[in-house]
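K.L.:
Pasting the sequence and the predicted model now:
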Amino acid sequence: LEAGLVNGAVKNMKTNVGTVQNRGIEISLTTVNIEKKNWRWTTTFTFAHNNNDVRQINGVSDRLIKSGDSGAGSLFIGSSVNALYTYEHGGIVSNKNMTVPNNEAATKNGFTPGSQVVEYDYYNKVYGLTEGQPYVVDQDGNGTIDDKDKTIFSCDPDFTASFSTSLSYKQWDLSMSIYA
């Protein structure tokens, strides 16, 4: 994270604010499919999985929240170092039927939890949204979208994989890689 300096030419510098544990595995397999006098064709398959967890944040609580809408750069003990602290996108308000949730916002606005209503009617009355607008999930169900509705999301992929192939003929080379 960046730490500001009071005096000096540097406004911000990176500093270590805790400990992280990384665990993972990477497996790679390379095959030589053709090897002749002027021809050579090889392929490589790679698979990797990595978990990283923030284990300790020095001198603070179990979270260090960086300001900004996305919460990028925030740290939470037990979560990935690449976590985002932001609102959960719920979808787009439509004219489809929905089941009224059992929460304070619904009952306060005259809806019966468990009944069926049109999304537009619910989100318009509770949050003032119209059809076609995006909405975020009201995590605490109080009818107000605020910092209490933010949640932690990991940006880490479940796994990474790649496929590479290389074909050479005399002094000509052709190669291709696909990464997922």
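P.N.:
On my side now, so go ahead. Numbers count the residues shown, from 1 in each chain.
K.L.:
any idea where the helices of this structure begin and end?
P.N.:
Listed in chain order, the helices of the chain (DSSP state H) span residues 104-108, 119-127.
K.L.:
what residues does the last one touch?
P.N.:
Outside of helix 119-127, the residues within contact range by Cβ atoms under 8 Å, 6 or more residues apart in numbering are 93-98, 100, 105-106, 109-111, 129-131, 133, 135, 138, 143, 145. Yep, even glycine has a C-beta here, placed from its N, CA and C like the rest.
K.L.:
Weed out the non-buried ones from those.
P.N.:
Among the contacts of helix 119-127, those buried by neighbour count (16 or more other Cβ atoms under 10 Å) are 93, 98, 100, 105-106, 111, 129, 135, 138, 143, 145.
K.L.:
ok, those vs Asp158, which is closest?
P.N.:
Tyr135 (27.1 Å; Cβ to Cβ).
K.L.:
Enumerate every residue touching that closest one.
P.N.:
89-93, 123, 127, 129.
K.L.:
Using PyMOL, define a selection of the buried residues within these.
P.N.:
Filtering those down to the buried ones (16+ other Cβ under 10 Å) takes a single PyMOL command:
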select buried, resi 93+123+127+129
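K.L.:
What is the least confident helix or strand in the protein?
P.N.:
Lowest on mean pLDDT, DSSP states H and E among the helices and strands of the chain sits strand 2-4, with a mean of 52.
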